[in-house]
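1. Give me coordinates for this.
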Amino acid sequence: PSLLAIFLIAVAQIVLVGEIAGLTGLMNNQLFYLVFHLFALSISMGSWIKYHNPSIFPITELKRELASLGSLPGLIRKYPDLFIFSAAILIATLVNALLILVVPPNTNDSMTTHMARIGFWLQNGSLRSWSTPYIFQLIYPINAQLQILWTILFRGSDQFAGFMQWFACIFAGIAIYGIARLIKWGKAASVFAALVWASFPQIILQSSSTQNDLAVAAFSVIGMYFIFKNTGSREEIDIWLSGLAFGLAAGTKQTWFFLIPGLILFGIMLILKQNDFIKNIIRWGLATIVCVFIFGSGIYIKNWMDYQNPFGPPEVVTSDTTSSSITSNLVKITYNPARHFYQLLDPGGLPSSVADKITTIKKSIYQPLYEAIGLPLDAPVGLYADKNPFDYEMPTD
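-> Got it, this is the predicted structure:
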């Protein structure tokens, strides 16, 4: 919890000073950032002294935890498979750190949106809108890019830009380990859960990029960790740290809002399980609303002022990301799950001669079946923006 709290507070401070700098035209001013950080440090030091120098890290607990694990050779003998898995993830993580240092940001979303908007901010020092043919540079949430801007401002280049998501991957893994321990998993099983997260190809590839999907995922899982922790500790600080994590997530990517129904259901389940937990759930909800307003609402308010829509121009919102037609959505719900199910049998990675044979057999079985039930998957309906036609012989990628 100490590591996760420090991570959240550090990011929140960068986001807050970035928002203030953007409103005052000082996003490219190192001195403004340094003065703000020193002011925050003085407040933190004053509070620390006021409360009689409490331990920032639970050193005693950490020593006890390490002592309970035993020696490293003993751990390797006891968990050889887990040690190999850990070594592989460590190597992958270090390789990604090296890639961040030596390879410039180069993904499509980064070049067209994320890094492009940072370039404007650094040139002009402001969050105000500008003339651009790519509207997403103006309407996307900004928390991830504010973190990247901070590294560029003080490094003088984009060499450290990718570490925003690299650290997100690590701290999300810590939160996953923490959740597993809170639900009474053993230490080895909890480590395994965190390593599984870090081994997914999407996570590995994102952790060296300057995109923002991994960042919003990290804040979300950290938010869940602290509310899980609060069910046992009932500490007020856990409620606020959870709210802070969700506030940062809301200001990182709009996809966070898809989590809200799950959070509501989770809160109801907690209340049903622990009748006396309703006050904590109410405080959690209020803390989340406050933190979303402070750390996540800025871009949505700006979009509302500019376009009368919190997510940007209505014609952009409904063109690629959603559909204004209920009928169109129903067609997508009907066809696309069936298409994804068909592609579950994926021969990708096999020699082409073998993969082609498997695809032919798969087509000969499934195509007549789907057509018999009136669901021809290759019909030109329910497609994403009508730009990606489906074919029974198309490769999965």
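2. downstream neighbour of the helix or strand of the chain with the lowest mean pLDDT in the secondary structure list?
-> None of the helices or strands of the chain scores lower by mean pLDDT, DSSP states H and E than helix 314-316, at a mean of 69. As assigned by DSSP states H and E, the chain's next helix or strand after helix 314-316 is helix 326-342.
3. Could I have the CA atoms of that next one written out in CSV?
-> Extracted C-alpha coordinates of helix 326-342, given in CSV (Å, rounded to 0.1, in the frame of the first residue of the first chain):
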residue,chain,number,x,y,z
ILE,A,326,-29.9,1.2,-32.2
THR,A,327,-30.6,-1.1,-35.1
SER,A,328,-26.9,-0.9,-36.1
ASN,A,329,-25.8,-1.8,-32.6
LEU,A,330,-28.2,-4.8,-32.5
VAL,A,331,-26.8,-6.1,-35.7
LYS,A,332,-23.2,-5.8,-34.3
ILE,A,333,-24.2,-7.6,-31.2
THR,A,334,-25.7,-10.4,-33.3
TYR,A,335,-22.9,-10.9,-35.8
ASN,A,336,-19.6,-9.9,-34.1
PRO,A,337,-19.6,-12.3,-31.2
ALA,A,338,-20.2,-15.1,-33.7
ARG,A,339,-17.3,-13.8,-35.8
HIS,A,340,-15.0,-13.7,-32.7
PHE,A,341,-16.1,-17.3,-31.8
TYR,A,342,-15.3,-18.5,-35.3
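4. Mind giving me the packing neighbours of that helix?
-> Here helix 326-342 touches helix 352-372, going by 3 or more C-beta pairs under 8 Å, 6 or more residues apart in numbering; DSSP states H and E. For every residue, glycine as well, the C-beta is placed using N, CA and C.
5. tell me the angle the helix it packs on makes with helix 326-342.
-> Here the directions of helix 352-372 and helix 326-342 differ by 140 degrees (axes from the mean of the first three to the mean of the last three C-alpha atoms, to 10 degrees).
6. Could I get the buried residue list for helix 352-372?
-> 355, 359, 362, 366-367, 370 (16 or more other C-beta atoms under 10 Å).
7. Also stretch 100-114?
-> Residues of stretch 100-114 classed as buried: 100, 105, 107, 109-110, 113-114 (neighbour count, 16+ other C-beta under 10 Å).
8. Flag the shaky bits of the stretch 151-300 of the chain, pLDDT-wise.
-> Within the stretch 151-300 of the chain, not a single segment meets pLDDT under 70.
9. Against residue 217, how distant is the nearest residue to residue 151 once chain neighbours are set aside?
-> In space, residue 151 comes closest to residue 160 once its chain neighbours are excluded; the distance is 4.1 Å by C-beta to C-beta, 6 or more residues apart in numbering. Taking C-beta to C-beta, to the nearest Å as the measure, residue 160 falls 21 Å from residue 217.
10. which one of these two has more residues nearby?
-> It is residue 217, of residue 160 and residue 217, that has more neighbours when counted by other C-beta atoms under 10 Å, with 23 against 16.
11. and that one, what helix or strand is that in?
-> Secondary structure (DSSP H and E) places residue 217 in helix 213-233.
12. and that helix, how far from the chain's centre?
-> Helix 213-233 sits 11 Å away from the centroid of its parent chain (C-alpha atoms, centre = their mean, to the nearest Å).
13. Tell me the helices and strands packed up against that helix.
-> For helix 213-233, the elements it packs on are helix 2-24, helix 143-155, helix 163-182, helix 201-206, helix 236-250, helix 278-296, judged by 3+ C-beta pairs under 8 Å, 6+ apart.
14. To residue 88, which of these lies closest?
-> helix 201-206 (10.7 Å; C-beta to C-beta).
15. Pull out the buried residues from the helix holding residue 217.
-> Judged by neighbour count using 16+ other C-beta under 10 Å, the buried positions of helix 213-233 are 213-230.
16. Kindly report the same for stretch 83-98.
-> Buried residues in stretch 83-98, defined by neighbour count with 16+ other C-beta under 10 Å: 85-86, 89, 92-93, 96.
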